[in-house]
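Got a sequence here, can you model it:
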Amino acid sequence: MKKLIVIEGPDLSGKTTLANALSEVTGLLIGKKNLWQPKNEEEHHKIVDLRAHLEYGYIAANQHLLPSFILDRFIISNIAYPRFYKRNYDFSYMKKEHWTEFELKLIFVSLEDEKIIEERLKRRGDFLKLDVEKIIGLRKEYEKAFEEFGMPYLKVDGSQPVHLSLAKILEYIK
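Coordinates of the predicted model:
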């Protein structure tokens with residue numbers, strides 16, 4: 001059965017680094033999401049919600065056409081972020097029952113160390129006005145969203161070296 005490996009977690013947790021490393025080791029492609037580049041935070045949220053709806057519908061409807069691949073954020077992010085930012089967004093259409101041709105493998109990259117969050121915030125610098133409290137709040141929303149979605153997932157520590165997380169992930173996805 002084909003696999004859809006979804007790496008989820010709040011900003012700065014290390015998802016993209018992990019997705020790139022996993023792609024290199026497995027040879028699987030990564031679904032990129034940079035079609036639209038927002039100019040400000042408000043535009044960012046509108047684009048994210050639209051993209052979530054379109055992406056979910058496309059992938060669910062075309063499972064038979066797609067190969068195994070990796071996504072850097074998908075279902076759980078589409079639940080956690082609108083809730084955290086108190087946006088009126090209906091994610092009830094996202095159901096685990098939709099995944100008939102893919103074995104959905106969810107990975108939660110969680111960053112618990114506030115000092116590492118602060119270091120990454122300083123390096124990143126963007127228009128979303130993120131701070132340690134927002135990242136911690138988003139992490140809590142992710143935990144709730146994973147629980148609500150009701151599918152098994154693997155939780156890895158985003159502060160660990162990538163090779164340690166990769167070993168766990170490779171065991172989980174086999």
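
Which strands or helices does the longest helix along the chain pack on?
Ordering each helix of the chain by length in residues (DSSP state H) puts helix 41-61 first. With contacts taken as 3 or more CB pairs under 8 Å, 6 or more residues apart in numbering; DSSP states H and E, helix 41-61 sits against helix 75-84. C-beta: built from backbone N, CA, C; applies to glycine.

Could I get the CA-only coordinates of the worst-scoring helix or strand of the chain on mean pLDDT as PDB?
Between all helices and strands in the chain, the lowest mean by mean pLDDT, DSSP states H and E belongs to helix 41-61, at a mean of 78. C-alpha atoms of helix 41-61 as PDB (Å, rounded to 0.1, in the frame of the first residue of the first chain):
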ATOM      1  CA  GLU A  41      -0.200  37.900   8.500                       C
ATOM      2  CA  GLU A  42      -3.900  38.500   7.500                       C
ATOM      3  CA  GLU A  43      -3.200  37.400   3.900                       C
ATOM      4  CA  HIS A  44      -1.200  34.500   5.200                       C
ATOM      5  CA  HIS A  45      -4.200  33.100   7.100                       C
ATOM      6  CA  LYS A  46      -6.500  33.500   4.200                       C
ATOM      7  CA  ILE A  47      -4.200  31.700   1.800                       C
ATOM      8  CA  VAL A  48      -3.500  28.900   4.400                       C
ATOM      9  CA  ASP A  49      -7.200  28.100   4.800                       C
ATOM     10  CA  LEU A  50      -7.900  28.100   1.100                       C
ATOM     11  CA  ARG A  51      -4.900  26.000   0.300                       C
ATOM     12  CA  ALA A  52      -5.800  23.500   3.100                       C
ATOM     13  CA  HIS A  53      -9.300  23.000   1.600                       C
ATOM     14  CA  LEU A  54      -8.000  22.700  -2.000                       C
ATOM     15  CA  GLU A  55      -5.100  20.400  -1.100                       C
ATOM     16  CA  TYR A  56      -7.100  18.000   1.100                       C
ATOM     17  CA  GLY A  57      -9.800  17.700  -1.600                       C
ATOM     18  CA  TYR A  58      -7.300  17.100  -4.400                       C
ATOM     19  CA  ILE A  59      -5.200  14.500  -2.600                       C
ATOM     20  CA  ALA A  60      -8.200  12.700  -1.200                       C
ATOM     21  CA  ALA A  61      -9.900  12.500  -4.600                       C
END
